[in-house]
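In: just coords:
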């Protein structure tokens, strides 16, 4: 069974769910590590007060016994602690009694840059909330929890996934980034930015050039571009390679007593959709968040009159959060490639197949 992930849940609904199928039995999961990733997603300079309200924690409903996977579907749940304020407005059934709490009034002023207008048109909706609740970046908490599971699987074969912030609003370096966020907050504006994810410890041979859908670089681009607010992805030196001559653009091949290796990594660890033994390096860039405290112009869906877009609690910048979300997304896609390559019903089979493969190939890890 291939490794797959399905998520469900709304931004202000009771909970978010991640359903993972295709995991080998016997994989040990550490709840504290997954909770730490969920905590990291909520941190970062420029985040909204909402992050302090929710304090995300993972719960497991199925597929795990005493910390080890059973080889059956694993169901993770992340409770939305703010849902208590939305129980009337987000009730799955027609609510009874007096209106109370949040979400009681229809949203009719779509936000430029969000799924609001396209969503109500596509699904024939009268209330923008029916689109924005799922389109919200809140549900990336479920992806981060699933990414924690994927990282545990990769750790079993010695692979590690890490992320970092490259720039926010064009500023680089911690002091400059904080200053840029402070300026944007004072202007009631938002900022986007760029992050980087690195995967180390992977052998050559994950992914394939057999078909376009098998290419690991394509899958990484897909999972990152499918993340909320992301508008660009590059692998390795990416855009810089477009202006470099071929004589300096590629990674020359060397060999020592242990096997083949490279002294540079302009390709970002991927050639022809396959890992080449060097660290996999991908970057992605997100646009500024579309919910502004100084809202942009819009048009009311009911009256067709000009107005200002919906204002709801928002971050000034979520680039640090994107780094954690992208880390999880990359981890899951790489874990899928590893499962496709090494298989196994148990974690022991999976690790043994990896070991046998690494011993077969002429590769010098460094």
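Out: Happy to help now that I have it. Bear in mind that the values here come from a model prediction, so they are computed numbers and not experimental data. Numbering: from 1, shown residues only.
In: Would you state the strands of the stretch 201-350 of the chain in chain order?
Out: For the stretch 201-350 of the chain, the strands defined by DSSP state E, counting those that start in this stretch occupy 230-235, 253-256, 259-262, 270-271, 274-275, 280-286, 297-299, 306-308.
In: The fourth one: partners in the sheet, and parallel or antiparallel?
Out: For strand 270-271, the paired strands and their directions (DSSP bridges) are strand 274-275 (antiparallel).
In: So what touches the strand it pairs with?
Out: Applying C-beta atoms under 8 Å, 6 or more residues apart in numbering, the contact partners of strand 274-275 are 202, 203, 204, 205, 206, 207, 208, 209, 215, 216, 269, 337. For glycine as for every other residue, the C-beta is placed from the backbone atoms N, C-alpha and C.
In: which residue sits closest to the second one in space, ignoring its chain neighbours?
Out: On the basis of C-beta to C-beta, 6 or more residues apart in numbering, the spatially nearest residue to residue 203 that is not a chain neighbour turns out to be residue 358, at 5.3 Å.
In: And for the one you found, the neighbour number?
Out: Close neighbours of residue 358, defined as other C-beta atoms under 10 Å, add up to 15.
In: and the gap between it and residue 276?
Out: For residue 358, the distance to residue 276 (C-beta to C-beta, to the nearest Å) stands at 14 Å.
In: try residue 228
Out: 31 Å.
In: who has more neighbours, those two?
Out: Counting neighbours by other C-beta under 10 Å for residue 228 and for residue 276 shows that residue 276 has the greater number, 24 against 19.
In: show me what contacts the more buried one?
Out: Listed by C-beta under 8 Å, 6+ apart, the contact set of residue 276 reads 204, 251, 262, 267, 269, 270.
In: and the gap between the fifth one and residue 258?
Out: Yep, that's residue 269 we're talking about. Using C-beta to C-beta, we find residue 269 at a distance of 18 Å from residue 258.
In: now do residue 117
Out: 57 Å.
In: before we move on, what about residue 192?
Out: As it turns out, when the distance is counted by C-beta to C-beta, residue 192 lies 43 Å from residue 258.
In: And these two? Which one has more around it.
Out: Using other C-beta under 10 Å, the more surrounded residue of residue 192 and residue 258 is residue 192, with 20 against 11.
In: check contacts around the more buried one.
Out: The contact partners of residue 192, by C-beta under 8 Å, 6+ apart, come to 168, 169, 229, 285, 286, 287, 288, 289, 317, 319.
In: from the residues you listed, which single one is nearest residue 106?
Out: The shortest distance between residue 106 and any of these, using C-beta to C-beta, involves residue 289 and amounts to 22.6 Å.
In: count of neighbours near the closest one?
Out: Around residue 289 there are 24 other residues, counting by other C-beta under 10 Å.
In: The one 5 residues further on too?
Out: Taking other C-beta under 10 Å as the neighbour definition, residue 294 ends up with a count of 10.
In: same question, residue 178
Out: Other residues within reach of residue 178, judged by other C-beta under 10 Å, total 15.
In: Lovely, talk soon.
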